[in-house]
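[1] here are the coordinates; sequence isn't available:
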């Protein structure tokens, strides 16, 4: 928490009870909670990475940061 490099912490977890637990536990004001599963998160990254690719070609995973931000801010 004292690191100058640490800007935010993003939490993926299911349910309002989990959010309450994180709210009670986290003493870091800059964290975001997303009620979602890891499977949904990784599927979003996978879909974005496969969008413009053709079958039989190498896959490029260069969209992780933008997909992550979109996933965390979507409702």
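    Looks like it arrived, so ask away. Quick caveat: nothing in here was measured; it's all calculated off a predicted structure.

[2] For residue 75, give me the pLDDT.
    pLDDT recorded at residue 75 is 77.

[3] ok, the residue nearest the centre of the chain to residue 24 distance?
    Nearest residue to the geometric centre of the chain (C-alpha atoms, centre = their mean): residue 68, 4.6 Å. The gap separating residue 68 from residue 24 is 25 Å, by C-beta to C-beta, to the nearest Å. Using the backbone N, CA and C atoms, a C-beta is placed for each residue, glycine as well.

[4] Buried residues, the worst-scoring helix or strand of the chain on mean pLDDT. List them.
    Using mean pLDDT, DSSP states H and E, the weakest-scoring helix or strand in the chain turns out to be helix 38-50, at a mean of 86. Neighbour counts over helix 38-50 (16 or more other C-beta atoms under 10 Å) mark 41, 44, 48, 49 as buried.

[5] Report all helices and strands that that helix contacts.
    Here helix 38-50 touches helix 64-73, going by 3 or more C-beta pairs under 8 Å, 6 or more residues apart in numbering; DSSP states H and E.

[6] Try it again at 10 Å.
    Counting contacts by 3 or more C-beta pairs under 10 Å, 6 or more residues apart in numbering; DSSP states H and E, helix 38-50 packs against strand 9-13, helix 64-73.

[7] who touches the following helix or strand past the first one?
    Next along the chain after strand 9-13, taking DSSP states H and E as the criterion, comes helix 16-25. The list of residues contacting helix 16-25 from outside it, by C-beta atoms under 10 Å, 6 or more residues apart in numbering, reads 9, 11, 12, 13, 15, 31, 33, 34, 35.

[8] Now flag whichever of these is closest to residue 73.
    Distance to residue 73, by C-beta to C-beta, is smallest for residue 34 among the contacts of helix 16-25, at 8.8 Å.

[9] quick one: the helix or strand that contains the closest one to chain centroid distance?
    Element membership for residue 34 (DSSP H and E) is strand 31-35. How far strand 31-35 lies from its chain's middle: 9 Å, per C-alpha atoms, centre = their mean, to the nearest Å.

[10] same question, stretch 5-21
    Distance, stretch centre to chain centre, for stretch 5-21: 10 Å (C-alpha atoms, centre = their mean).
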